[in-house]
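**Q** Below is the sequence, then the predicted model.
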Protein chains: 2
Amino acid sequence: MKKKLRVGVIGLGLGRHHLAGYVGNDEVDVVGIADVNGELLRTMAQEYHVPNTYTSYTDLLKSQPDLVSIALPNYLHAPATIDALKAGVHVLCEKPMAMNAAEAQRMVNAAHGNKRVLMIALNNRFRTEAQVLKKLIEEDVLGEIYYAKTGWMRRRGIPGAGTWFTQKARSGGGPLIDLGVHMIDLTRWLIGNPKPKSVLGATYAKFSDTEQGVIDVEDLAMAFIKLEGGISLIAETSWASHVPSEGAYVKLIGTKGGAEIIGDKLTIYTEMHGQQVDITPAYTPRAWADCIAAEIAHLVTCIRDKKTPMSTGEQGMEMMKILEGIYKSADQGKTIKIG
Amino acid sequence: MKKKLRVGVIGLGLGRHHLAGYVGNDEVDVVGIADVNGELLRTMAQEYHVPNTYTSYTDLLKSQPDLVSIALPNYLHAPATIDALKAGVHVLCEKPMAMNAAEAQRMVNAAHGNKRVLMIALNNRFRTEAQVLKKLIEEDVLGEIYYAKTGWMRRRGIPGAGTWFTQKARSGGGPLIDLGVHMIDLTRWLIGNPKPKSVLGATYAKFSDTEQGVIDVEDLAMAFIKLEGGISLIAETSWASHVPSEGAYVKLIGTKGGAEIIGDKLTIYTEMHGQQVDITPAYTPRAWADCIAAEIAHLVTCIRDKKTPMSTGEQGMEMMKILEGIYKSADQGKTIKIG
């Protein structure tokens, strides 16, 4: 019998869902969890029968797990990931990978230098509708994709004001780095991860006064992202804006067909024997927690089989360049070249 | 009894709808129509009881009408308009105003120099839902508008290939100058005609091979237009692309509320006593022909009362700067500053 991977989870806010994913996976043993919140730590340890708990992640790393999930506030992603990689531990780091591209670069370097796997958790890639569309795109159903739009617009959903989410120094930004990262990544992944060439963006903060606590990040961001091959991508995201109810979408237009994912519905627009047709693939959408479980299963398999996971640190770094570029573009009011 | 305005219509393709609008207006007499197509000329003269027909618009101008509609192919808008204004005739010129901003400037100069009225026909402003929204915006229902999106996306609708529509030298461009002009104008008008600051655009031609005749214009265009006051406007338009069925829309986001016009449906997104509400104004949408009739009635009243019409040559010139800027931006791959 193959030896099980010894895993730990650092940060139990979002990390509790990683924990559930690991506990449900036959190929791993959860050996420890870490969080600064002692009560949360005890509750989770009890619920998932975790043998060891730590209020400091460095203590968890000393127990020499094979793999850790890092689900700390954004400003801790880079230091914790680099500490783990240096300790010889594989890392599944939550999105956004880091606060900026320079941090992301150091994380990638640490993974290479220590010959460890660094995967960025982008659970939207594991949604059924995304995987169905990815397969159809790989079969050339859309032809050459040249225009894409994506967005995640919340009518009102600023994460707890006064927490790290709304403080630029700890989050790196607002909805762009929180939600936009998911949708821009999903769109680029579907198209085949074309390299970013330039961005022109704008950010707005119109709802800061209406919430409690410190909010020094944007509440709406939008951008025109030029990708290699002449592809135009428009992205928009908000935590609060006067729009219809919350919705996330990806819309792709190619020479042979178009596709829209709206919520968990996928539709293909194309032609069949000269007839314009709308095609609705049949599938059962994966629940959110199951996407994280699938993501974890993918990584565990990759580590076992010594394969590169489908969401790499290098891709995460390109994403950070895009996000950083959009913030810079919004600040300076001009196009920012990337790469 | 007030003397009726003597009007003529030049170009009976789209112009036949102007003709119908004038014939239904009590304050004008249609004294002549002009078109190079003799058969169309006779048919229209018969149907609308027009006393004089001309195969040359200069002959119509010699009959000294008070006002003419100019609905010729785009490349003739500037010369015909300038000829009419110089002949002392007021002009209602179809959109797009001209082939480029330089032509538009000469048209505006001719109007000023000859003290005649130049109105650009942008019938979408006369749609009921647009006028209802305009009124609500003027009452500050949306607050400060900071982000707008607009588009007119046809799944398959390239105007007769081989006609002037698809030849850059006679049309000035494809769907951007044909359809985009309507929606960008409507959006700017709703917001209060903020001045354009810069544009970043892209154009694509992917369907040219599948159609007959000369097509040397784009079939899809999109742009990020920055307007004064930090307003971001995303515009998209296509004659052919793999998208859901044809749809035109304007979406506005303001500090107090948002609004969407999709087709002829208007919805307002705002709050009422702390409750998020979607508001559906009740109205009867105006038919397309009635929008043109309303547009004509507006101009006739303005000429009678010596008032400036709501769609001026100056606004049309700003629009031409935007369109020209988008084409230039798409060609050069960079942001083009305007004004």
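**A** All right, it came through fine.
**Q** need the residues of the stretch 201-339 of chain A near chain B, please.
**A** Neighbours of chain B within the stretch 201-339 of chain A, by Cβ under 8 Å from any Cβ of the partner chain: A:202, A:204, A:206, A:220, A:222, A:224, A:226, A:230, A:232, A:234, A:236, A:241-244, A:251, A:253-258, A:260, A:267, A:269-270, A:276, A:278, A:333-335. C-beta: built from backbone N, CA, C; applies to glycine.
**Q** mind redoing it with 6 Å?
**A** Listed as neighbours of chain B in the stretch 201-339 of chain A under the rule Cβ under 6 Å from any Cβ of the partner chain: A:202, A:204, A:206, A:222, A:224, A:232, A:234, A:241-243, A:253, A:255, A:257-258, A:269-270, A:335.
**Q** These in helices, which ones?
**A** Within those, no residue falls in helices by DSSP state H.
**Q** buried subset of those?
**A** Burial by neighbour count, judged by 16 or more other Cβ atoms under 10 Å in any protein chain shown, picks out A:202, A:204, A:206, A:222, A:224, A:232, A:234, A:241-243, A:253, A:255, A:257-258, A:269-270, A:335 from those.
**Q** Next, the residue of the stretch 1-150 of chain A found nearest chain B: phi, psi?
**A** The minimum distance from the stretch 1-150 of chain A to chain B, using Cβ to the nearest Cβ, falls at A:Y146 (5.4 Å). Main-chain dihedrals, A:Y146, degrees, to the nearest 10: phi -120, psi -10.
**Q** which ones are touching it?
**A** For A:Y146, the contacting residues are A:231, B:204, by Cβ atoms under 6 Å, 6 or more residues apart in numbering or on different chains.
**Q** From A:G8, how far out is it?
**A** According to Cβ to Cβ, to the nearest Å, A:Y146 and A:G8 sit 44 Å apart.
**Q** and if you look at A:E103?
**A** 22 Å.
**Q** So which of the two has more stuff around it?
**A** A:G8 (29 against 23; other Cβ atoms under 10 Å in any protein chain shown).
**Q** List the pairing partners of the one helix or strand that one maps to within its sheet, with orientation.
**A** Using DSSP states H and E, A:G8 sits in strand A:5-10. Paired strands of strand A:5-10, with direction, are strand A:28-34 (parallel), strand A:67-70 (parallel) (DSSP bridges).
**Q** hmm, back to that, taking the residues of the stretch 201-339 of chain A next to chain B one by one, which sit in strands?
**A** Of these, the ones assigned to strands by DSSP state E are A:202, A:204, A:222, A:224, A:232, A:234, A:253, A:257-258, A:269-270.
**Q** Which single one of these is nearest to B:V214?
**A** Nearest to B:V214 out of these is A:I253 (Cβ to Cβ; 24.1 Å).
**Q** partner residues bridging the closest one?
**A** A:Y147, A:G258.
**Q** Which residues are in contact with it?
**A** Neighbouring residues of A:I253 by Cβ under 6 Å, 6+ apart: A:147, B:241-242.
**Q** would you list the residues you listed in CSV and tack on pLDDT?
**A** Output for the contacts of A:I253, formatted as CSV (pLDDT from 0 to 100):
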residue, pLDDT
A:Y147, 98
B:S241, 96
B:H242, 96
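**Q** Specify which member of those residues is nearest to B:N37.
**A** B:S241 (31.9 Å).
**Q** In the lowest-mean-pLDDT helix or strand in chain A, which residues are buried?
**A** Lowest on mean pLDDT, DSSP states H and E among the helices and strands of chain A sits helix A:168-171, with a mean of 94. Across helix A:168-171, burial judged by 16+ other Cβ under 10 Å covers A:168, A:170-171.
**Q** List the neighbours of stretch A:199-209 that are in contact with it.
**A** Outside stretch A:199-209, the residues that reach it (Cβ under 6 Å, 6+ apart) are A:215, A:218-225, A:240, A:325-326, A:329-330, A:335-336, B:146, B:200, B:224, B:232, B:255.
**Q** Go through it and flag the buried ones.
**A** A:199-208.
**Q** Identify the spatial nearest neighbour of the residue in the stretch 101-250 of chain A that chain B sits nearest to, chain neighbours not counted.
**A** Across the stretch 101-250 of chain A, the shortest distance to chain B (Cβ to the nearest Cβ) belongs to A:H242, at 3.3 Å. Of all residues not flanking A:H242 in the chain, B:G258 sits nearest, at 3.3 Å (Cβ to Cβ, 6 or more residues apart in numbering or on different chains).
**Q** so who does the residue positioned nearest the centre of chain A touch?
**A** The structure's chain A has its C-alpha centroid closest to A:L122; by Cα atoms, centre = their mean the separation is 3.2 Å. For A:L122, the contact set (Cβ under 6 Å, 6+ apart) comprises A:95, A:185, A:311.
**Q** What of A:A240?
**A** A:A240 touches A:156, A:158, A:207, A:219, counting by Cβ under 6 Å, 6+ apart.
**Q** what bridges to it?
**A** So, taking DSSP bridges as the rule, A:A240 has A:R156 as bridge partners.
**Q** would A:N124 count as being in a helix?
**A** Yes. According to DSSP: H, G, I helix; E, B strand; the rest coil, A:N124 belongs to a helix.
**Q** wait, doesn't it sit right on A:V181?
**A** No. Contact criterion Cβ atoms under 6 Å: A:N124 and A:V181 do not qualify, at 9.7 Å.
**Q** got any ranges where chain A has weak pLDDT?
**A** By pLDDT under 70, the low-scoring segments of chain A are A:1, A:161-162, A:209-212.
**Q** what's the domain layout of it?
**A** Domain segmentation of chain A under automatic domain parsing yields A:5-124, A:127-289+A:319-337.
**Q** roughly how far out does the first one sit from the chain middle?
**A** In this case it means domain A:5-124. 15 Å (Cα atoms, centre = their mean, to the nearest Å).
**Q** Check the last one too.
**A** With Cα atoms, centre = their mean as the basis, domain A:127-289+A:319-337 stands 11 Å off its chain's centre.
**Q** if we can go back for a sec, let's see if you can find the most crowded of the contacts of A:A240.
**A** Compared across the contacts of A:A240, A:D219 has the highest neighbour count, 25 neighbours, by other Cβ under 10 Å.
**Q** Please report how far that residue lies from A:T237.
**A** Remark: distance between A:D219 and A:T237 (Cβ to Cβ) = 10 Å.
**Q** element containing A:E324?
**A** According to DSSP H and E, A:E324 maps onto helix A:313-332.
**Q** which residues touch A:K337?
**A** With Cβ under 6 Å, 6+ apart, A:K337 has these contacts: A:S198.
**Q** Return the set of residues that bridge with it.
**A** With DSSP bridges as the criterion, A:K337 is bridged to A:S198.
**Q** Settle this for me: A:P309 is touching A:M119, isn't it.
**A** Yes. A:P309 lies in contact with A:M119 (Cβ under 6 Å); the separation is 4.2 Å.
**Q** Now for these two: what residues contact both?
**A** Shared contacts of A:P309 and A:M119 (Cβ under 6 Å, 6+ apart): A:L299.
**Q** of these two, who's got more company?
**A** With neighbours defined as other Cβ under 10 Å, A:P309 and A:M119 compare such that A:M119 has more, 26 against 20.
**Q** In contact with the more buried one, which residues are there?
**A** Listed by Cβ under 6 Å, 6+ apart, the contact set of A:M119 reads A:92, A:299, A:309, A:311.
**Q** what do you get for A:G15?
**A** By Cβ under 6 Å, 6+ apart, the residues touching A:G15 are A:9, A:69, A:71.
**Q** Give me the nearest residue to it, chain neighbours excluded.
**A** A:A71 (3.4 Å).
**Q** OK, contacts around that neighbour?
**A** A:11, A:14-15, A:18, A:94.
**Q** Quick check: the spatially closest residue to A:G339 that is not a sequence neighbour vs A:I231, distance?
**A** Excluding the flanking residues, the one nearest A:G339 by Cβ to Cβ, 6+ apart is A:K195, at 5.9 Å. According to Cβ to Cβ, A:K195 and A:I231 sit 10 Å apart.
**Q** Who has more neighbours out of those two?
**A** A:I231 (24 against 12).
**Q** Thanks a lot, see you next time.
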